[in-house]
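Asks: below are the sequence and a predicted model for it; my questions follow.
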Amino acid sequence: MLGADVWRRIVGLDKSTVIEDVEVDVGQNVVVVQVRPRRATKRRCGRCGVRAPGYDQGEGRRRWRCLDLGAVQCFLEADSPRVTCPTHGPTVAQVPWARHGAGHTRDFDDQVAWIVTHTSKSAVSELMRVAWRTVGSVISRVVAEGRAAHDPFDGLSRIGIDEISYKRGHRYLTVVVDHDSGRLVWAAVGRDKKTLRGFFDLLGEERCDKITVVSADGAEWIADVVRERCRQATLCIDSFHVVQWATDALDEVRREVWNAARRGGMTEQARELKGARFALWKNPEDLTRRQQGKLAQIAKTNSPLYRAYLMKEQLRLAIRRKGIISLTMLDSWLSWAARCRIPAFVELGRKIRRHLPGIEAAMLHNISNALVESTNTKLRVLHRMAFGFREPEHLIALALLDRGGYCPPLPGRSAPTLAALS
Ligand SMILES: [Zn+2]
């Protein structure tokens, strides 16, 4: 029989826990470690940690799942009495090895949370032998603890507000990122004024006054709430969104040309245009050889579509430049758009003119598009992964875990650095 100290190390416990016995349940092929909290950590409220008088024996003895020992499952077993907390009333007492309300140990939760940000949904379930909905509750616990330990809104000054869709575009989340730390700081279900006001309510008046820059996509509902709550803030439209408008306009042109070709019986040309979608969307430096060929063909055979493509590219280059050059380029782009006779781009030109102060402000304040863009891309991957979650709260927890900096280190390793987040 190994000594208690060795067992403590193996199942990841510290000195605040006493090991009473270790049993192997041959029938179920599991190891059960009998434990109890040391006196100093006993009789504390499971929610707030305040010392409190005993209430009753609760559910009696219960088990918490630990990390597997090799191929064998392992459990801790202990009493789970309740205490009378002055704030929370009768509550299950705190245990040093697990978070409140959890059926798994702290190490187990942490490992699930780490793996979920690094691999596929099915791999997590299979490897950890847990249902996907359990993964949702685990990460919600881990994130809630992280947010309680450190104020997530501390020092916010330059923020970005955006919406992302989930459930195949039928539902939306409003998200807030911190431009300085690169973290996702808040997310909630919905995309309307009421949802966004919820964020500023949490932030409070004093911290709202410290917000200097807010970037968004030009949506009126965001602009209205920002003007109402952040009186000191400059409202910007980051170039990521402006490029997105241009890509949408280009797609409209492509669809029109495609429809015209189809109606005119030019099936061959219509088919080629359909396949050209990605070649037109991508940045020229990212095109594959085949896509380059596609583009060259469009340049030869389809002048309005190619002109629209060039206009999108020129706009992208203009607003990604910095300073006065950028403004000059944007200005000449606008006069090009005004006389281009492509309706989608004439309209885009008008839209950009309407939003010009916000676009210029983003250039001036040097808002990093890379950040907004990478957060968007990453979140899109996440909600594909979180598709199986019934509760949007779990999707939000997953997003915060991964992009908010709440992913715990693997048990027994050191904490990740901020650099590892990007
Ligand atoms: Zn309490």
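Replies: Now that the structure is in, tell me what you want to look at.
Asks: for the stretch 301-422 of the chain, which segments count as helices?
Replies: Assigned by DSSP state H, counting those that start in this stretch, the stretch 301-422 of the chain shows helices spanning 303-320, 323-338, 343-354, 356-364, 369-385, 392-403.
Asks: now the fourth one: buried residues?
Replies: By neighbour count on 16 or more other CB atoms under 10 Å, the buried set for helix 356-364 is Gly358, Ile359, Glu360, Ala361, Ala362, Met363. Where you see a C-beta, it was placed from the backbone N, CA and C, and this is true even at glycine.
Asks: and if you look at the third one?
Replies: The neighbour-count check on helix 343-354 (16+ other CB under 10 Å) flags Ala344, Phe345, Leu348, Gly349, Lys351, Ile352 as buried.
Asks: ok, Leu330 to the ion distance?
Replies: 57 Å (CB to the ion, to the nearest Å).
Asks: burial count for that residue?
Replies: 20 (other CB atoms under 10 Å).
Asks: close enough to count as contact, it and Leu317?
Replies: No. Counting by CB atoms under 8 Å, Leu330 does not reach Leu317; the two are 10.1 Å apart.
Asks: what ranges do the strands span in the stretch 1-150 of the chain?
Replies: All strands of the stretch 1-150 of the chain, identified by DSSP state E, counting those that start in this stretch, fall at 17-25, 30-37, 54-56, 61-65, 73-79, 82-85, 89-92.
Asks: so which of those strands comes closest to Leu310?
Replies: With CB to CB as the criterion, Leu310 lies closest to strand 61-65 of those, at 59.4 Å.
Asks: got the buried residues for the closest one?
Replies: Neighbour counts over strand 61-65 (16+ other CB under 10 Å) mark Trp64, Arg65 as buried.
Asks: check stretch 390-398 too.
Replies: Quick answer for stretch 390-398 (16+ other CB under 10 Å): Pro392, Glu393, His394, Leu395, Ile396, Ala397, Leu398.
Asks: mean confidence for it?
Replies: Across stretch 390-398, the average pLDDT comes to 84.
Asks: got the contact list for it?
Replies: With CB atoms under 8 Å, 6 or more residues apart in numbering as the test, stretch 390-398 has contacts from 116-117, 133, 136-137, 139-140, 142-144, 166, 171, 173, 187-189, 382-383, 385-386, 389.
Asks: what do you get if the cut-off is 10 Å, keeping everything else the same?
Replies: 113, 116-117, 132-133, 135-144, 147, 166-167, 171-173, 175, 184, 186-190, 379, 382-383, 385-389, 404, 406 (CB atoms under 10 Å, 6 or more residues apart in numbering).
Asks: up against the ion, what does the stretch 1-150 of the chain have?
Replies: Counting by CB under 5 Å from the ion, the stretch 1-150 of the chain comes close to the ion at Cys45, Arg47, Cys48, Cys85, Thr87, His88.
Asks: ok, 6 Å please
Replies: Cys45, Arg47, Cys48, Val50, Cys85, Thr87, His88, Thr91 (CB under 6 Å from the ion).
Asks: isn't Met97 up against Asp110?
Replies: No, residue 97 isn't Met; it's Trp. No. When contacts are counted by CB atoms under 10 Å, Trp97 is not listed as touching Asp110 (11.9 Å).
Asks: thinking again about what came up before, from the buried residues of helix 343-354, pick the one nearest Ser326.
Replies: Using CB to CB, Ile352 is the member of the buried residues of helix 343-354 that lies nearest Ser326, at 13.1 Å.
Asks: run through the residues that contact Thr117.
Replies: Val124, Ile139, Leu382, Met385, Leu398, Leu401, Asp402, Arg403, Tyr406, Cys407, Pro408.
Asks: narrow the residues you listed to those that are buried.
Replies: Neighbour counting by 16+ other CB under 10 Å classes Val124, Ile139, Leu382, Met385, Leu398, Leu401, Asp402, Arg403, Tyr406, Cys407, Pro408 among the contacts of Thr117 as buried.
Asks: returning to what we had before: buried subset of the contacts of stretch 390-398 as a ChimeraX selection?
Replies: Of the contacts of stretch 390-398, the buried ones go into a single ChimeraX selection, burial set by 16+ other CB under 10 Å:
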select :113,116,117,132,135,136,137,138,139,140,141,142,143,147,166,172,173,175,184,186,187,188,189,379,382,383,385,386,389,404,406
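Asks: C-alpha coordinates for stretch 45-52, CSV please?
Replies: C-alpha atoms of stretch 45-52 as CSV (Å, rounded to 0.1, in the frame of the first residue of the first chain):
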residue,chain,number,x,y,z
CYS,A,45,-20.1,28.0,2.8
GLY,A,46,-19.7,26.4,-0.6
ARG,A,47,-20.6,29.7,-2.3
CYS,A,48,-18.8,32.3,-0.4
GLY,A,49,-16.3,30.5,1.7
VAL,A,50,-17.4,32.1,5.0
ARG,A,51,-17.2,29.9,8.1
ALA,A,52,-20.7,28.8,9.2
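Asks: now do the contacts for the nearest residue to Val31 once chain neighbours are set aside.
Replies: Spatial nearest neighbour of Val31, chain neighbours left out: Cys74 (4.5 Å); criterion: CB to CB, 6 or more residues apart in numbering. Shown in contact with Cys74 (CB under 10 Å, 6+ apart): 10-11, 22, 30-33, 64-68, 105, 108.
Asks: mind putting those into CSV with distance to Leu295 and pLDDT?
Replies: Converted to CSV, the contacts of Cys74 look like this (distance: CB to CB, whole Å; pLDDT from 0 to 100):
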residue, distance to Leu295, pLDDT
Ile10, 60, 89
Val11, 60, 91
Val22, 67, 94
Val30, 61, 94
Val31, 62, 95
Val32, 65, 96
Val33, 64, 96
Trp64, 59, 97
Arg65, 55, 97
Cys66, 57, 96
Leu67, 52, 96
Asp68, 53, 96
Thr105, 56, 96
Phe108, 51, 97
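Asks: out of the buried residues of helix 343-354, who's nearest the ion?
Replies: Set against the ion, the nearest of those by CB to the ion is Lys351 (53.4 Å).
Asks: if you count neighbours, what's buried in stretch 196-211?
Replies: Leu196, Phe199, Phe200, Leu203, Arg207, Cys208, Ile211.
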